[in-house]
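Visitor: Dropping a prediction and its sequence here:
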Amino acid sequence: MRSGRMKTGRLYSCAICVLLCAVLTVLAAPLSIRAAQASPTGTGATATTRAWAHDAAGVSVPSRTWYLAEGCTAQGFETWVLVQNPGAEAANVKLTYMTGKAVSAGPSFALAPSSRKTVNVSETLPDAAEVSTLVESDNPVVVERAMYGSARRWATDAAGVTEPGTDWYLAEGSTGTGFETWVLVQNPGVATANVTLTYMTDKGERAGPSFKLSPFTRKTINVADAVPGAWSVSTRVQSSSPLVVERAMYGDGRTWAHASGAVREPATAWDLAEGSTAGGNQTWVLVQNPQTQKALVELTYMTPKGPVQGQAAWLAPHSRQTFFASDVVPDAWEVSTHVKSNRPVVVERAMYGAGRQWATGAAGVTEPGTDWYLAEGSTGVGFETWVLVQNPGASTASVTLTFMTDEGMRDGLSFKLPPFTRKTLNVADTVPGAWSVSTRVRSSCPVVVERAVYGDRRSTVEELTLMKGNAFETAAYVLTSGGGSTGAPTLMVIGGVHGDEDAGYRSAEKLTRALVSKGRLVLVPRANRPAIAAHTRYLNKDLNRCFPGVAGGANEDRLAWEIMELARTSDIDLLLNLHSADQFNLLDPSALGQTIVLDDAAIVGAADKAAAQANLSIGDPVERFASLVKPIPTSATYEVYYRQGKPAYGIEACTKLGLDRECLDELLVIKAFADQLGVVVDNWDELLR
């Protein structure tokens, strides 16, 4: 049973017996061997533990304009925009971000033909709780958004929409115990929008909030504010001006998440290609009736052994009902669903892995096509990407896949797909070890295409809160290898001690994505959050002159004490404190730029060795690192070295390099120290990109 979600009553109709024959003419065969996807095979395949997952249906038509309502770069969230150029000409692409307050210009770039580019939103707009995105291009492209949270404890994905609308539907949603449901509304237009939400539950319609949404802004609505404790909640969003709408769901303390774009129009027939009820997997079909009259909804499940009569129910006007596939087809690896209704409804599917380790969600499909695009995909370390092609028609389809990477186009497989079958393709068999992979699927007959991405961390992540309930509250992360922490070397990295030194907290945040296979990382990415928000060195007093801090002190004094307590209780072996300076030390010996600063010459050997390793990747001699003995009492490094007896260094990057180079150089030095210590991170190639 879905995390306590209550199963609805079922009304079985003899009408199904008649409708089943009609359904069989369209959906006649099982889709694929689920076990094949669960146990990847092939030359490029790498099985993961599937700690998280996300999926999306393909896009059938590229566009010059795309909208993404959801996004967040605060509190450990990552938001990535994936842009695919399937055309024969370069595309000039521009991103614009919309927050709850204003518009911010994002990056602009030229995207080569048949290629893909990945954009990290936090590089332009860090620490933003609400971020929507507008993507504009002079040639048609395809756009998706992937999100990760809690150091990739969960993930979501959704394709963009090409046109705002005034009426949107979201079938899925729950505010029962352990569930959160959020509706994300983006106003990309020049006029203020008058917005009204209406919720539809298994007990009928409930009024939601109404509000005004300023031009070029985004608003997040917590469904539980209006409908708490409701296991089944669908949403309708109506507006006086065109909007873009998505929904995000989280569960079990945000150990999983899934998201989906809203649907513009209800329909009388829906197909859900994906589904499984075996191996601990759960599949739920969510049906929303936004009409003023009741709707007769009938489900048919397709399995390897043939069709199985599913549930039937009359849905009251403005209501929502949840159907649990396992009630009818338990222990089936492959389950597809056909939903038929006598009145237009909205249908989604939610899936959960064994123990709810991962979750995915997607709206159903109403029309197959001959050309499909999938912007997202990765076959790098810790990622699996699968393309699922379904042929629901009566003719054999000739299908060709083409992959588009940041290095250009790669030919994929061509194959024949018999009627009423599905084929599962592991992208790594053709394009192994590629961090950015988009896909184009072309077929001689209409097919349906989806993509599933899974990943594992190879390390456990514990999120801690420092200064809880205080204006200086911030997050810390402990990344531990699968072998556990006993006897493991532990490296601690602090960023953002000074709020106007951007490279430090961005480099430390990047490390939250580290795949640690030996040892531990203890990370405090944004140590001084109020100073970072104000982009000033400090607010009340210099945090790096407050150590060891005061347990009962205020603001910076107490924060310094909590950071030192984290170092002590974590039994760290080495501390690195990230900073920036405005001049190169090799040009001006009094300057700190490109130095590794230490408090005692007795530990200079390790600093010299780290500098030498990092400098192998730095061409200009002036930009290379040097060791510098400069004791700074009351600094974090001084406290750890002299009071806790552990080596500690400050890494000072030079701002003249530009922010991207500052971050890269800091990470090169961090890697050098990690290598010395024996902390092994498997995805340094990704982190250093």
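Guide: Okay, I see it.

Visitor: Every contact and neighbour count from this point should use C-alpha atoms.
Guide: Will do.

Visitor: The residue nearest to the spatial centre of the chain in helix, strand or coil?
Guide: The centre of the chain sits closest to M147, judged by CA atoms, centre = their mean, with a distance of 1.8 Å. Classification of M147 using DSSP: H, G, I helix; E, B strand; the rest coil returns strand.

Visitor: who does it bridge with?
Guide: Counting by DSSP bridges, M147 is bridged to T79, T156.

Visitor: got it, and Y301?
Guide: With DSSP bridges as the rule, Y301 is bridged to V308, T337.

Visitor: Touching, it and V308? I think so.
Guide: Yes. With contact defined as CA atoms under 8 Å, Y301 reaches V308; the gap is 5.1 Å.

Visitor: Looking at these two, which one has more neighbours?
Guide: Y301 (23 against 16; other CA atoms under 10 Å).

Visitor: What helices and strands are in contact with the longest helix along the chain?
Guide: Ordering each helix of the chain by length in residues (DSSP state H) puts helix 659-677 first. Counting contacts by 3 or more CA pairs under 8 Å, 6 or more residues apart in numbering; DSSP states H and E, helix 659-677 is packed against strand 490-494, helix 502-511, helix 604-615, strand 648-654.

Visitor: how about that helix: buried residues?
Guide: Residues 659, 662-674, 677 are the ones in helix 659-677 that count as buried (16 or more other CA atoms under 10 Å).

Visitor: now whichever strand or helix holds L134, how far from the centre of its chain.
Guide: For L134, the host element (DSSP states H and E) is strand 132-149. What separates the centre of strand 132-149 from the centre of its chain is 14 Å, taken as CA atoms, centre = their mean, to the nearest Å.

Visitor: Please save the CA atoms from that strand in PDB.
Guide: Provided in PDB are the C-alpha atoms of strand 132-149 (Å, rounded to 0.1, in the frame of the first residue of the first chain):
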ATOM      1  CA  SER A 132      11.300  29.300 -13.100                       C
ATOM      2  CA  THR A 133      13.000  29.300 -16.400                       C
ATOM      3  CA  LEU A 134      12.300  30.700 -19.900                       C
ATOM      4  CA  VAL A 135      14.500  29.300 -22.700                       C
ATOM      5  CA  GLU A 136      14.500  31.100 -26.000                       C
ATOM      6  CA  SER A 137      16.400  30.100 -29.200                       C
ATOM      7  CA  ASP A 138      16.600  31.300 -32.800                       C
ATOM      8  CA  ASN A 139      16.300  27.700 -34.000                       C
ATOM      9  CA  PRO A 140      14.000  25.000 -32.600                       C
ATOM     10  CA  VAL A 141      15.400  23.100 -29.600                       C
ATOM     11  CA  VAL A 142      14.100  20.700 -26.900                       C
ATOM     12  CA  VAL A 143      14.300  21.500 -23.200                       C
ATOM     13  CA  GLU A 144      14.000  19.600 -20.000                       C
ATOM     14  CA  ARG A 145      14.800  20.300 -16.300                       C
ATOM     15  CA  ALA A 146      16.300  17.900 -13.800                       C
ATOM     16  CA  MET A 147      16.300  18.600 -10.100                       C
ATOM     17  CA  TYR A 148      18.100  16.900  -7.200                       C
ATOM     18  CA  GLY A 149      18.000  17.500  -3.500                       C
END
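
Visitor: Average pLDDT for it, rounded please.
Guide: For strand 132-149, mean pLDDT is 95.

Visitor: Now do it: which elements does it pack against?
Guide: By 3+ CA pairs under 8 Å, 6+ apart, strand 132-149 packs against strand 63-68, strand 78-85, strand 91-98, strand 154-159.

Visitor: any weak-confidence spans in this structure?
Guide: Within the chain, the stretches with pLDDT under 70 are 1-47, 151, 304, 306, 457-458, 482-487.

Visitor: switch the cut-off to 50
Guide: For the chain, the stretches with pLDDT under 50 are 1-45, 483-485.

Visitor: Domain map for it?
Guide: 164-264, 266-364, 459-687 (automatic domain parsing).

Visitor: Could you point out which of those domains sits nearest S115?
Guide: Among the domains of the chain, domain 459-687 comes nearest to S115, with 18.3 Å by CA to CA.

Visitor: can you tell me the distance between the two ends of the closest one?
Guide: In terms of CA to CA, to the nearest Å, the two terminal residues of domain 459-687 are separated by 16 Å.

Visitor: hmm, back to that, check which element follows the longest helix of the chain along the chain.
Guide: The helix or strand immediately downstream of helix 659-677 is strand 680-681, counting by DSSP H and E.

Visitor: which other helices and strands contact that next one?
Guide: For strand 680-681, the contact count by 3+ CA pairs under 8 Å, 6+ apart identifies strand 516-518 as packing neighbours.

Visitor: Centre of the chain to the strand it packs on, how far?
Guide: Its chain's average C-alpha position is 22 Å from that of strand 516-518, according to CA atoms, centre = their mean.

Visitor: Tell me how far the closest residue to I572 other than its chain neighbours lies from A475.
Guide: Spatial nearest neighbour of I572, excluding adjacent residues (CA to CA, 6 or more residues apart in numbering): T490 at 4.9 Å. Noted for T490: a distance of 18 Å to A475, by CA to CA.

Visitor: again, but for E565
Guide: Distance from E565 to A475, by CA to CA: 14 Å.

Visitor: With neighbour numbers in mind, choose between these two.
Guide: Between E565 and A475, counted using other CA under 10 Å, A475 has the larger neighbour count: 19 against 15.

Visitor: Surely the more buried one is in contact with L464?
Guide: Yes. The pair A475 / L464 is scored as a contact, 5.7 Å apart, by CA under 8 Å.

Visitor: does Y477 count as helix, strand or coil?
Guide: strand.

Visitor: ok, how many other residues are close to it?
Guide: Neighbours of Y477 under the rule other CA under 10 Å: 22.

Visitor: That one is in contact with L523, isn't it?
Guide: Yes. Y477 is within contact range of L523, at 5.1 Å (criterion: CA under 8 Å).

Visitor: Spit out the residues that contact these two alike.
Guide: Contact criterion CA atoms under 8 Å, 6 or more residues apart in numbering; residues shared by Y477 and L523: T512.

Visitor: who does V59 bridge with?
Guide: Assessed by DSSP bridges, V59 has beta-bridge partners Y373.

Visitor: from what I can see it touches P368, true?
Guide: No. Applying CA under 8 Å as the test, V59 and P368 come out as separate, 10.8 Å apart.

Visitor: neighbour-wise, which of the two wins?
Guide: V59 (22 against 18).

Visitor: The more buried one and W52, how far apart?
Guide: Using CA to CA, we find V59 at a distance of 23 Å from W52.

Visitor: Over to K219?
Guide: Separation of K219 from W52 (CA to CA): 26 Å.

Visitor: contacting residues for R206?
Guide: Contact analysis of R206 by CA under 8 Å, 6+ apart lists T198, Y199, M200, V227.
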